[in-house]
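Asker: quick one: sequence plus predicted model below, questions after.
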Amino acid sequence: MTMASKVVALANGQAALQVGLTGVPVEEVYDVETVENRLMELMGSDAEVLIVNEEFRSQFSEWFQGRLARHSGLPLIIFCPSFEEEDAGTLAYINAIVKPAVGFEIRLD
């Protein structure tokens with residue numbers, strides 16, 4: 001699979017809006033099964049960074065949690081909050097991981 005972007009986000013709601021405003025392609029997802037399936041596909045692609053809405057992490061199946069624990073290298077998988085509440089540390093955290101990997105900074109203004 002050839003990717004147009006090195007960074008892809010899987011999110012919904014406010015997180016999809018905020019990440020989409022940065023120019024990162026966002027695939028809106030609404031259930032954990034879809035997120036698990038799409039993450040498996042993207043983990044085998046040439047994506048370098050995958051941003052996933054944090055709310056899905058606690059819903060992953062036991063098998064998929066194990067799969068994520070064994071994952072190393074690219075793509076980096078970053079879990080971001082839903083942005084329902086303002087958290088100044090969130091942007092710094094995302095940039096600390098994304099910028100060294102892809103060479104640019106994400107700004108959420």
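Answerer: Received it, and whenever you're ready, just let me know what you need.
Asker: can you give me the strands in this protein?
Answerer: Assigned by DSSP state E, the strands in the chain fall at 7-11, 26-28, 49-53, 76-80.
Asker: TSV for these, including distance to residue 96 and mean pLDDT?
Answerer: Bear in mind the C-beta positions are built from the backbone N, C-alpha and C, glycine included. TSV is the format used below for the strands of the chain (distance: least, C-beta to C-beta, whole Å; pLDDT from 0 to 100):
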stretch	distance to residue 96	mean pLDDT
strand 7-11	15	92
strand 26-28	21	93
strand 49-53	12	91
strand 76-80	10	89
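Asker: report pLDDT for residue 109.
Answerer: Residue 109 carries a pLDDT value of 55.
Asker: do residue 100 as well
Answerer: pLDDT, read off for residue 100, is 68.
Asker: quick check: phi and psi at residue 30.
Answerer: phi -130, psi -10 (degrees, to the nearest 10).
Asker: list the contacts of it.
Answerer: Contact partners of residue 30, counting by C-beta atoms under 8 Å, 6 or more residues apart in numbering, are residue 12.
Asker: could you do residue 82 as well?
Answerer: 13-15, 53-55 are the contacts of residue 82 under C-beta under 8 Å, 6+ apart.
Asker: now the residue nearest to the spatial centre of the chain: how far from residue 41?
Answerer: When C-alpha atoms, centre = their mean is applied to the chain, the residue found nearest the centroid is residue 51 (1.0 Å). The spacing between residue 51 and residue 41, counted by C-beta to C-beta, to the nearest Å, is 15 Å.
Asker: point out where the chain drops to low pLDDT.
Answerer: For the chain, the stretches with pLDDT under 70 are 1-4, 83-95, 97-109.
Asker: hey, where'd the helices end up in it?
Answerer: Ranges of helices within the chain are 13-21, 32-43, 62-70, 88-102, based on DSSP state H.
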